[in-house]
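A.B. asks: next come a sequence and a model predicted from it.
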Protein chains: 2
Amino acid sequence: MARRIGQKDPKSHPAKPAQHSSAGPTAATSIEGNGEELRKRSGLLWDDQLRPGRGPKPAASRAVVVQAAISVADKHGLSALTMQAVAERLGFTTMALYRYFPNKGALIDASVDAAMGTPPQRSGPREEWRKEVKHWAYAKRAMLCSRPWLAELPFVAAPHGPNWLSWHEAFLQTIADTRLSPEDMMDVLSVVHGYVSGNSDTAISLARAVSRGISFEQWAQAVGADLCRAIGNPRYPILSAILSSQSGGISEASPLPARGGRPRTMDESFDFGLERVLDGIEHYMDSLKEL
Amino acid sequence: MARRIGQKDPKSHPAKPAQHSSAGPTAATSIEGNGEELRKRSGLLWDDQLRPGRGPKPAASRAVVVQAAISVADKHGLSALTMQAVAERLGFTTMALYRYFPNKGALIDASVDAAMGTPPQRSGPREEWRKEVKHWAYAKRAMLCSRPWLAELPFVAAPHGPNWLSWHEAFLQTIADTRLSPEDMMDVLSVVHGYVSGNSDTAISLARAVSRGISFEQWAQAVGADLCRAIGNPRYPILSAILSSQSGGISEASPLPARGGRPRTMDESFDFGLERVLDGIEHYMDSLKEL
DNA sequence: CAAATTAGTGTATGATATAAACAGTAGTTC
DNA sequence: GAACTACTGTTTATATCATACACTAATTTG
């Protein structure tokens, strides 16, 4: 089905051109509204306290609402994440949620941050940076794949909550005692993060499909079919050649060791790319030593 | 909700569309529906012909409708891309669009592919692969930033149209005469593509904000503010240290040459990362020579 | 020309978010 | 401990969407 969601515009709707979308998909929690509104949205991520207030005690808390939202999204996907569904899960009326979050966007912001969780903590002693970065990258990829709905939101953007920062922090710790400058560290973080999230798209798409009841085979066939339209099409000579040179389609996991002639598994491809990225970083570090 | 998931009524509206969402954001055009539905969606991307039929001549064409949809999204963002808005732009009734596309998702699929456009063609003679890959990466980034709404859709997934393939083809051509194996080529494509799309998130977010009338300063302040919450927070020691060691916030563009102590510009960071990735790839190529 | 077929219209339905008005209650204050 | 009131949760109402259904008119084919 369908598509998903849209979004809306937080502020008024009277004058707005835009509104929500719908169907398709859409996305977007990102930055909307003016600076002040941005600040407010971000604020909610950091301040979990409802004011201690005077009246009746709230039956729930922001955290509880967020957990409910996450459950819904985990079970039925982002498109099922409606205020109604969340409220239902809590035994609330839809409108009651607005006592906890000013609007759906804010709830989503909070849910995203909470859903990211925290990166795995280093258990043993410090290892070589490269090994640790790899762990981080794998963990991040796993996190994204386990909650494919996260990737449906452009969440790099604005509201960055505590957990988002903690993933960054964890990464920085892995390269903290290299000789990289602070600027380099941030950029190295950005390379690896970029690679991981960009490259995981395919795996995430699969995860999403699977969570919807589509089998790996169906998914692979669909993706492969699109690609295969290139075969024989003079507009795509190289792609065509490559595809026909390969044995099968995408393979999920294979017991065979990677040899030439067999296209790599998604995970193998991820690993291959990660090694290249790490090689590049290592090369850069080495170049610093020489100075 | 109930809906979605298993699908039960194949015929009628099998998929409901789900919704729309709203507010937050959302996204999603990706794979939904069973294999058959996937095939159909993909099919529309490749077959631009309306059947020659018998009745009245269509006043428009799929391509025209897609252009209208793209205009709307370009001007007011993905959230404004409603069937109504598109129809209005064409002087049609909302329902008339359904003569061209079976549902909004299909229209979006087509719009996404069309909006990607084709990669720049190599004008001069072949250059060194590295230089050409760089051009490709910059072009892709520019394409994404110029249509920030594209990134609001998880479009790596299912329906891959002609233009999507053409970007892949263009990349492969840049490395066609290296000694990489077909598998390696696909993976190298995947690394660079992953890095570019993953790393461009920030720039895209900025582009989106700007297109909504938010100034660079406001955006930077909002993003910076989130980051700065780390400062002094014992939960983020390294991040905190790095941030305080840096002079200012994110700078859009600076006439100064990059020196230590100044955080890089977004574009500089992109370039830095790209160089690392390319170094890694080059290193791999070199290792092949030795064999 | 008549039958068949299809483009575009009008209107209806159901999902959603969310505003507005209301109701009940637990702290606070005198 | 009575009155007050800041809040919580409910009800009702509005607006926007996607999209189904039924209908009219154009156009092609036999």
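C.D. replies: Received it, and whenever you're ready, just let me know what you need.
A.B. asks: these two touch, right, residue A:46 and residue B:229?
C.D. replies: Yes. Between residue A:46 and residue B:229 a contact is recorded at 6.1 Å, counting by C-beta atoms under 8 Å. No exception for glycine: its C-beta is placed from N, CA and C like everyone else's.
A.B. asks: ok, these two, which is more surrounded?
C.D. replies: Neighbour comparison, residue A:46 and residue B:229: the larger count goes to residue B:229, with 20 against 15 (by other C-beta atoms under 10 Å in any protein chain shown).
A.B. asks: go ahead and confirm that one touches residue A:43.
C.D. replies: No. Residue B:229 is beyond contact range of residue A:43, at 9.8 Å (criterion: C-beta under 8 Å).
A.B. asks: below-threshold pLDDT in chain A: ranges please.
C.D. replies: For chain A, residues meeting the criterion pLDDT under 70 lie at A:1-39, A:49-55, A:155-158, A:247-261.
A.B. asks: for the residue most central in space within it, which non-adjacent residue is spatially closest?
C.D. replies: By C-alpha atoms, centre = their mean, chain A has its centre lying nearest to residue A:151, at 3.8 Å. Spatially, and ignoring its direct neighbours in sequence, residue A:151 is nearest to residue A:204 (4.7 Å; C-beta to C-beta, 6 or more residues apart in numbering or on different chains).
A.B. asks: and the helices in chain A?
C.D. replies: Along chain A, counting by DSSP state H, helices occupy A:35-46, A:62-76, A:83-90, A:104-116, A:129-146, A:162-174, A:182-199, A:201-211, A:216-228, A:237-245, A:266-290.
A.B. asks: just send the ones you listed back as TSV, with distance to residue B:127 too.
C.D. replies: TSV is the format used below for the helices of chain A (distance: least, C-beta to C-beta, whole Å):
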stretch	distance to residue B:127
helix A:35-46	43
helix A:62-76	46
helix A:83-90	54
helix A:104-116	41
helix A:129-146	32
helix A:162-174	35
helix A:182-199	24
helix A:201-211	29
helix A:216-228	27
helix A:237-245	17
helix A:266-290	20
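A.B. asks: closest one to DNA strand D among those helices?
C.D. replies: helix A:83-90 (7.3 Å; C-beta to the nearest atom of the strand).
A.B. asks: list the buried residues of that closest one.
C.D. replies: A:83, A:85-87, A:90 (16 or more other C-beta atoms under 10 Å in any protein chain shown).
A.B. asks: what's that helix in contact with?
C.D. replies: Outside helix A:83-90, the residues within contact range by C-beta atoms under 8 Å, 6 or more residues apart in numbering or on different chains are A:60, A:64-65, A:68-69, A:71-72, A:76, A:93-97, A:104, A:107, B:1.
A.B. asks: and those, which of them are buried?
C.D. replies: A:60, A:65, A:68-69, A:72, A:76, A:96-97, A:104, A:107.
A.B. asks: what comes into contact with stretch A:122-137?
C.D. replies: A:119-120, A:170-171, A:173-175, A:177-178, A:192, A:195-196, A:274, A:278, A:281-282.
A.B. asks: buried residues, that stretch. List them.
C.D. replies: A:129-130, A:132-137.
A.B. asks: tabulate the buried ones among the contacts of helix A:83-90 (JSON lines), appending distance to residue A:269.
C.D. replies: Converted to JSON lines, the buried ones among the contacts of helix A:83-90 look like this (distance: C-beta to C-beta, whole Å):
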{"residue": "A:60", "distance to residue A:269": "43"}
{"residue": "A:65", "distance to residue A:269": "38"}
{"residue": "A:68", "distance to residue A:269": "36"}
{"residue": "A:69", "distance to residue A:269": "33"}
{"residue": "A:72", "distance to residue A:269": "32"}
{"residue": "A:76", "distance to residue A:269": "29"}
{"residue": "A:96", "distance to residue A:269": "46"}
{"residue": "A:97", "distance to residue A:269": "41"}
{"residue": "A:104", "distance to residue A:269": "36"}
{"residue": "A:107", "distance to residue A:269": "35"}
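A.B. asks: closest to DNA strand C among those residues?
C.D. replies: When the buried ones among the contacts of helix A:83-90 are ranked by distance to DNA strand C (C-beta to the nearest atom of the strand), residue A:104 comes first, at 3.4 Å.
A.B. asks: I'd like to know how far that closest one sits from chain B.
C.D. replies: Using C-beta to the nearest C-beta, to the nearest Å, one gets 4 Å for the distance from residue A:104 to chain B.
A.B. asks: against residue A:111, how distant is that residue?
C.D. replies: The gap separating residue A:104 from residue A:111 is 10 Å, by C-beta to C-beta, to the nearest Å.
A.B. asks: give the contact list for the nearest residue to residue A:161 once chain neighbours are set aside.
C.D. replies: Distances taken as C-beta to C-beta, 6+ apart place residue A:113 nearest to residue A:161, at 3.1 Å, with adjacent residues excluded. Residue A:113 makes contact with A:45, A:159-164, according to C-beta under 8 Å, 6+ apart.
A.B. asks: change it to 10 Å
C.D. replies: With contacts defined as C-beta atoms under 10 Å, 6 or more residues apart in numbering or on different chains, the neighbours of residue A:113 are A:44-46, A:66, A:155, A:159-166.
A.B. asks: equivalent analysis for residue A:94, please.
C.D. replies: Contacts of residue A:94 (C-beta under 10 Å, 6+ apart): A:82-88.
A.B. asks: between those residues, which is closest to residue A:287?
C.D. replies: Among the contacts of residue A:94, residue A:86 lies closest to residue A:287 (C-beta to C-beta), at 51.3 Å.
A.B. asks: ok, the closest one to residue A:80 distance?
C.D. replies: For residue A:86, the distance to residue A:80 - C-beta to C-beta - is 10 Å.
A.B. asks: could you report the neighbour count for residue A:177?
C.D. replies: 9.
A.B. asks: now do the contacts for it.
C.D. replies: A:126, A:129.
A.B. asks: so what does it look like in phi/psi?
C.D. replies: phi -110, psi 30 (degrees, to the nearest 10).
A.B. asks: what does the one 3 residues further on give?
C.D. replies: When quoted as degrees, to the nearest 10, the phi and psi of residue A:180 stand at phi -70, psi 150.
A.B. asks: pretty sure it sits against residue A:289.
C.D. replies: No. Using C-beta atoms under 10 Å, residue A:180 is not in contact with residue A:289, being 11.3 Å away.
A.B. asks: quick one, which of these two is more surrounded?
C.D. replies: residue A:180 (20 against 7).
A.B. asks: you'd agree residue A:204 is up against residue A:270?
C.D. replies: No. The criterion here is C-beta under 10 Å, and residue A:204 misses it with residue A:270 at 11.4 Å.
A.B. asks: shared neighbours, these two?
C.D. replies: Joint contacts of residue A:204 and residue A:270 (C-beta under 10 Å, 6+ apart) are residue A:141.
A.B. asks: how many other residues sit next to the closest residue to residue A:241 other than its chain neighbours?
C.D. replies: Of all residues not flanking residue A:241 in the chain, residue B:182 sits nearest, at 7.7 Å (C-beta to C-beta, 6+ apart). Neighbour count of residue B:182, defined by other C-beta under 10 Å: 18.
A.B. asks: how much space between residue B:182 and residue B:170?
C.D. replies: 17 Å.
A.B. asks: cool, and residue A:112?
C.D. replies: For residue A:112, the distance to residue B:170 - C-beta to C-beta - is 34 Å.
A.B. asks: higher neighbour count, those two?
C.D. replies: residue A:112 (27 against 22).
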